[in-house]
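Peer 1: pasting the structure only:
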């Protein structure tokens, strides 16, 4: 698991987190004292963060504030800081969060000194969870959510049959300069960020895509950036690959299934195989390559809303 894939499969309804914003601002070493017994060698990693963090900061972060962000992004296995704090943030027992208040205060002050990011960002999970989301659903992510502006970065941490989240962010925080992995184009969404599912998930194996929009108290309008021309061009080494060799496809077939989905294209036996177009009953359309009845990821997917995705997984 990685920060970008540390996602709860099914969103929970939890009480809001209260108290840490009113906590006294203290140095990082002091903020870590109440949780030092929770994470092995936390004091050592805290000192590393304070030494290696981005400082001086062009955004006015103190060394301790910068180190708080750096510590969150560090990876050292199953007991990495981000894994432990996110488990605490997702726990139903909100009183168990109290030892984390000093750190959460320091982290909150740090990221709120950074300018807001209003753009499309990505994260993912290494399994198909599309059944847990449907158009119009609203939910909250209570953890610190790491995302990237690059879909290729995310796909490097995913395997076949994974789920990508495309998120229209309004208040993300670009921490790439403050991360221990500065080339990952990392954007943080703070605890308590709310979302709405824009459309029913794209659930055509091996592609699973969930389109989210951040919502605020003002319920701002969607981003005006060009989703309609977005390209998901991936050079990920770990993304799924399908090879079409020595395939004998039949002539063009036209078939409408029981759900009203209409396919026109090549077939192998009774399966869609080769070049073809699927007009889905919900108004979506896919034009591209198929293998054994599945979309390969080499083609164009067009949502009924007008959003268009040119998919080229290598």
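Peer 2: That came through, no problem. Everything numeric here is computed off the predicted structure, so don't read it as measured data.
Peer 1: Every contact and neighbour count from this point should use C-alpha atoms.
Peer 2: Noted.
Peer 1: Identify the residues contacting stretch 171-186?
Peer 2: Under the contact criterion Cα atoms under 8 Å, 6 or more residues apart in numbering, stretch 171-186 has outside partners 53-54, 66, 69-71, 73-74, 111-112, 114-118, 146-150, 153, 187-190.
Peer 1: Please work out the average pLDDT along that stretch.
Peer 2: Confidence over stretch 171-186 (mean pLDDT, whole number) is 95.
Peer 1: can you pull out the strands in the stretch 201-314 of the chain?
Peer 2: Secondary structure of the stretch 201-314 of the chain by DSSP state E, counting those that start in this stretch: the strands cover 202-204, 207-215, 231-234, 253-256, 262-268, 271-279, 285-291, 294-302, 308-313.
Peer 1: Describe which strands the first one pairs with in its sheet and in which direction.
Peer 2: In the sheet containing strand 202-204, its partner strands are strand 207-215 (antiparallel), by DSSP bridges.
Peer 1: Check what contacts the partner strand and list those residues.
Peer 2: Counting contacts by Cα under 8 Å, 6+ apart, the residues outside strand 207-215 that touch it are 128, 130, 133, 161-170, 193-203, 222, 295-297.
Peer 1: thinking again about what came up before, least reliable of the strands of the stretch 201-314 of the chain by average pLDDT, please.
Peer 2: Taking each of the strands of the stretch 201-314 of the chain in turn, the one with the lowest mean pLDDT is strand 231-234, at a mean of 38.
Peer 1: Just want the most central residue of this structure.
Peer 2: Nearest to the centroid of the C-alpha atoms of the chain, with distances taken as Cα atoms, centre = their mean, sits residue 123, at 1.7 Å.
Peer 1: Remind me what the host helix or strand of it packs against, helices and strands.
Peer 2: Residue 123 is part of strand 120-125 when elements are defined by DSSP states H and E. Using 3 or more Cα pairs under 8 Å, 6 or more residues apart in numbering; DSSP states H and E as the contact criterion, the secondary-structure elements in contact with strand 120-125 are strand 145-148, helix 151-155, strand 163-168.
Peer 1: on contacts alone, who are the packing partners of the longest one?
Peer 2: Right, the one you point to is strand 163-168. Packed against strand 163-168, as judged by 3+ Cα pairs under 8 Å, 6+ apart, are the following elements: strand 120-125, strand 207-215.
Peer 1: Can you tell me which of these is packed in deepest?
Peer 2: For those, average neighbour numbers computed from mean count of other Cα atoms under 10 Å are highest in strand 120-125, which has a mean of 25.
Peer 1: Which positions within the helix or strand following that one qualify as buried?
Peer 2: Following the chain from strand 120-125 toward its C-terminal end, the next helix or strand by DSSP H and E is strand 138-141. Residues of strand 138-141 classed as buried by neighbour count (16 or more other Cα atoms under 10 Å): 138-141.
Peer 1: wait, which of those residues is closest to residue 4?
Peer 2: Nearest to residue 4, judged by Cα to Cα, of the buried residues of strand 138-141 is residue 141 at 13.4 Å.
Peer 1: Which strand residues bridge the closest one?
Peer 2: Beta-bridge partners recorded for residue 141 (DSSP bridges): residue 193.
Peer 1: domains for the protein, by residue range?
Peer 2: Per automatic domain parsing, the domain ranges recorded for the chain read 3-111, 116-222, 253-313.
Peer 1: Mean neighbour count, those domains: which tops it?
Peer 2: Buried most deeply of the domains of the chain, by mean count of other Cα under 10 Å, is domain 116-222, with a mean of 20.
Peer 1: that older thread, need the helices and strands packed on strand 120-125 in CSV with distance to residue 290 and mean pLDDT, can you?
Peer 2: Supplementary listing: these in CSV, determined by distance: least, Cα to Cα, whole Å; pLDDT from 0 to 100:
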stretch, distance to residue 290, mean pLDDT
strand 145-148, 29, 94
helix 151-155, 21, 87
strand 163-168, 19, 93
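Peer 1: Now render the ones you listed as CSV, adding distance to residue 102.
Peer 2: As requested, the helices and strands packed on strand 120-125 are arranged in CSV below (distance: least, Cα to Cα, whole Å):
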stretch, distance to residue 102
strand 145-148, 19
helix 151-155, 31
strand 163-168, 29
